[in-house]
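In: need a 3D model of the following:
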Amino acid sequence: MPAYKTPGVYVEEVPTLATSVAPLATAIPAFIGYTQNRPSATGIEAKRVNSFREFQQLFGGAFSESFSAEILEDTASGEYSVSSMPINPETPSYYLYHCLQMFYANGGGVCYVVSVGDYTSTPDIATLLQGLDALDREDEPTLIVIPDAISVVPSEGVTSYYSIYQQALVKSARLQDRFTIIDLHRGDQDIGLLSGVIQEFRDNIGSNNLSWGAAYYPWLLTSLGHTYDEYSVTISVSGRADTDIRLRYAIEDLDSLPDVLDGSGSPLPEDQKRTYYEDRSVYHFANSVYAEIKAAIDGYKMKLPPGAAIAGMYVRVDNERGVFKSPANEGLNSVIRPLINLDDSQLENMNVDSSGKSVNAIRNFSGKGTIVWGGRTLQGNSPEWRYISVRRFFLFVEESIKKALEFFVFESNSESTWLRLKGIIENFLESQWRAGALTGATAEQAFFVKVGLGETMSAQDVLEGRLILHIGLAAVRPAEFIILKFTHKLPEA
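Out: Okay, here's the model as predicted:
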């Protein structure tokens, strides 16, 4: 009580509610890759994004892919036909933009984006690792996704590709507040190469920090189309040497097109300029051919690694059920099908292996669509950290309690403080038990919190300022194997 020295009326607010543990957000991914614009001119840094629209405002649009086609002219009739359609690029030149589309299509919300370069950049490991380092300065992200890591393979190889994820696992384990989602290299390969794809991953991902990440296979054929500009679609016409023929010139905005010069170097009049571009715009001189080529390009759908869609699914499951629910047996949106159809015998090798490095399958089920059919970390041999939901639930509890107890740093290391801390943590854990995150018929069976001299601390610990709590959790585990046993029931006399 303060010492009162002047006569008067004094108001004291007496707190009646104890400090509590505030549950932290559990699924806030950070995406690392290349974007059209880089909002930071000072270096590589993470930007918080609340929606896909905000991402577009900050980072711009998708990379515009290049297409080319060949057409034939029947000189007798003046009719045109397509002799060679544009080649389907199948995968985008830069992945981040389209992976963000998949993230938000599957339930995504707040996320962080780390742009390590624009579309003039050549993807490389060193720059992506700088983006990974930039996340060290951010406390909020809980997931790491690196969509553009796959772009380094052609120049730097598979070993280098997986070295990026090794560093992500190191970061996750060191910071102890985030989890890494891994896309397999060659995830779009033919089914006959399955064993090689999985073994390649297991050989290159290393053997450390495995409980801090999960891998998914195969890649996805999405419903997303390629981004392109009709002007950038170059057309060659048999028998014509003109190289300026495009799928479509925007003649309705004639002033935006470059001037056309006559023999003396003067710009042509507007009507002649219009005629020049109409003669070189397939849309204007062969509209049916234009429609055929455009329909083909628009019909090409992209193959994408699943990591971003999986991150969106994590967000959806966490919001609807809770972080303790295994992120499996859940559908993926904006997906036509997985690129590889897996059968049960192949799934056995992926889910359980002597190395413990489980790979979670994405499968197509008739009448159900594309379903995530696995919920294991890379540490499949560990009974404690085998399941993604258990690892992520512990991360959630540990980080929530850690943040709450920061207010008690430098408080008296005495019994009154110990009792307050124990009560705060027990209240929080009881709420998790009631939500279904902990198993046990009673709260005492579901968790324990221990603190005290002679129980968790020695006299020397107290003298040296150490306040030690022991917390035990009986986390729920997924029913991964449901076994039905049937027997004949014989007729009774």
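
In: the domain parsing of this protein - what is it?
Out: Residue ranges for the domains of the chain, per automatic domain parsing: 29-59+90-222+303-389, 227-299, 410-493.

In: quick one: closest of those domains to Val397.
Out: Counting by Cβ to Cβ, Val397 lies closest to domain 410-493 out of the domains of the chain; the figure is 6.7 Å. Just so you know, the C-beta spots here come from the backbone N, C-alpha and C atoms, and that holds for glycine as well.

In: just the helices in the stretch 301-450 of the chain please.
Out: Using DSSP state H, counting those that start in this stretch, the helices of the stretch 301-450 of the chain run over residues 307-320, 344-351, 388-405, 415-435, 443-446.

In: could I get these as TSV with mean neighbour count and distance to Ser163?
Out: Formatted as TSV, the helices of the stretch 301-450 of the chain follow (neighbours: other Cβ atoms under 10 Å; distance: least, Cβ to Cβ, whole Å):
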stretch	mean neighbour count	distance to Ser163
helix 307-320	25	17
helix 344-351	14	22
helix 388-405	20	22
helix 415-435	16	37
helix 443-446	14	41
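
In: how about those, which one is nearest Lys171?
Out: Of all these, helix 388-405 comes closest under Cβ to Cβ, at 13.4 Å.

In: returning to what we had before: can I get the helices of the stretch 301-450 of the chain in a markdown table including distance to Thr6?
Out: Rendered in a markdown table, the data for these read as follows (distance: least, Cβ to Cβ, whole Å):
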| stretch | distance to Thr6 |
| --- | --- |
| helix 307-320 | 54 |
| helix 344-351 | 75 |
| helix 388-405 | 38 |
| helix 415-435 | 32 |
| helix 443-446 | 50 |
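
In: mean pLDDT for these: which is lowest?
Out: Note on the helices of the stretch 301-450 of the chain: lowest mean pLDDT is at helix 344-351, with a mean of 85.

In: and for Asn208, the neighbour number?
Out: 10 (other Cβ atoms under 10 Å).

In: am I right that Val197 is in a helix?
Out: Yes: applying DSSP: H, G, I helix; E, B strand; the rest coil, one finds Val197 inside a helix.

In: show me the shaky parts of this structure.
Out: Along the chain, the parts satisfying pLDDT under 70 run over 1-2, 13-18, 41, 190-195, 480, 482, 493.

In: quick one on the thing from earlier: Arg274 is nearest to which of the helices of the stretch 301-450 of the chain?
Out: Closest among those, once you apply Cβ to Cβ, is helix 307-320, at 44.5 Å.

In: packing partners of that closest one?
Out: If you count contacts as 3 or more Cβ pairs under 8 Å, 6 or more residues apart in numbering; DSSP states H and E, helix 307-320 packs onto strand 29-34, helix 96-105, strand 143-145, strand 179-183, strand 330-331.

In: now do stretch 477-488: distance from first to last residue.
Out: Terminal residues of stretch 477-488 lie 32 Å apart, using Cα to Cα, to the nearest Å.

In: and stretch 329-346, by the same measure?
Out: Span of stretch 329-346 from end to end, Cα to Cα: 18 Å.

In: again with stretch 138-151
Out: Note: stretch 138-151 ends 25 Å apart using Cα to Cα.

In: may I see the buried residues of that stretch?
Out: 138, 140-151 (16 or more other Cβ atoms under 10 Å).

In: tell me the contacts of the closest residue in space to Arg392 that isn't next to it in sequence?
Out: Nearest residue to Arg392 in three dimensions, chain neighbours excluded: Val323, at 5.3 Å (Cβ to Cβ, 6 or more residues apart in numbering). By Cβ atoms under 8 Å, 6 or more residues apart in numbering, Val323 lies in contact with Thr26, Ala27, Ser389, Arg392, Phe393, Phe396, Ala437.

In: burial measure for the second one, as a count.
Out: The criterion is other Cβ under 10 Å. On that basis, Ala27 has 26 neighbouring residues.

In: before we move on, what about Pro89?
Out: Count around Pro89 with other Cβ under 10 Å applied: 16.

In: is it in contact with His226, as I believe?
Out: Yes: contact criterion Cβ atoms under 8 Å: Pro89 and His226 qualify, at 6.6 Å.

In: tell me, what's touching those two both at once?
Out: Shared contacts of Pro89 and His226 (Cβ under 8 Å, 6+ apart): Glu65, Tyr300.

In: contact partners for Phe67?
Out: Contacts of Phe67 were listed using Cβ under 8 Å, 6+ apart, and they are Pro86, Ile87, Tyr228, Ser232, Val233, Thr234, Leu247, Ile297.

In: so how far is Val359 from Val352?
Out: Distance, Val352 to Val359, using Cβ to Cβ, to the nearest Å: 10 Å.

In: repeat for Val390
Out: Distance from Val390 to Val359, counting by Cβ to Cβ: 18 Å.

In: again with Thr456
Out: For Thr456, the distance to Val359 (Cβ to Cβ) stands at 39 Å.

In: next up, the contacts around the residue sitting nearest the centre point of the chain.
Out: Centroid-nearest residue in the chain, with Cα atoms, centre = their mean: Ala308, separated by 2.7 Å. By Cβ under 8 Å, 6+ apart, Ala308 lies in contact with Pro29, Phe31, Cys99, Leu100, Met102, Phe103, Val145, Pro147.

In: ok, the first one touching Ala311?
Out: Which is Pro29. Yes: if you go by Cβ under 8 Å, Pro29 and Ala311 touch, sitting 4.3 Å apart.

In: common neighbours of the two, please.
Out: Taking Cβ under 8 Å, 6+ apart as the criterion, Pro29 and Ala311 both touch Phe103, Gly108, Cys111, Leu143, Val145, Ile181.

In: reformat those as a markdown table; add distance to Ile205.
Out: Output for the shared contacts of Pro29 and Ala311, formatted as a markdown table (distance: Cβ to Cβ, whole Å):
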| residue | distance to Ile205 |
| --- | --- |
| Phe103 | 23 |
| Gly108 | 26 |
| Cys111 | 24 |
| Leu143 | 18 |
| Val145 | 16 |
| Ile181 | 13 |
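
In: closest to Phe410 among those?
Out: For the shared contacts of Pro29 and Ala311, the closest approach to Phe410 (Cβ to Cβ) belongs to Leu143, at 32.8 Å.

In: wait, what's in contact with that closest one?
Out: Ala27, Ile28, Pro29, Ala30, Arg178, Phe179, Thr180, Ile181, Ala311, Tyr314.

In: CA-only coordinates of the helix or strand harbouring Val170 in CSV, if you can.
Out: Element membership of Val170 [criterion: DSSP states H and E] is helix 158-175. Taking C-alpha atoms only, helix 158-175 is exported to CSV below (Å, rounded to 0.1, in the frame of the first residue of the first chain):
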residue,chain,number,x,y,z
VAL,A,158,19.3,-31.8,-56.2
THR,A,159,21.7,-31.9,-53.3
SER,A,160,21.7,-28.1,-53.2
TYR,A,161,17.9,-28.0,-53.4
TYR,A,162,17.5,-30.2,-50.3
SER,A,163,20.3,-28.2,-48.5
ILE,A,164,17.9,-25.3,-48.4
TYR,A,165,15.4,-27.4,-46.5
GLN,A,166,18.1,-28.7,-44.2
GLN,A,167,18.8,-25.1,-43.2
ALA,A,168,15.0,-24.5,-42.7
LEU,A,169,14.9,-27.5,-40.4
VAL,A,170,17.9,-26.1,-38.5
LYS,A,171,16.2,-22.8,-38.1
SER,A,172,12.9,-24.4,-36.9
ALA,A,173,14.7,-26.5,-34.3
ARG,A,174,16.8,-23.5,-33.1
LEU,A,175,14.0,-21.1,-32.8
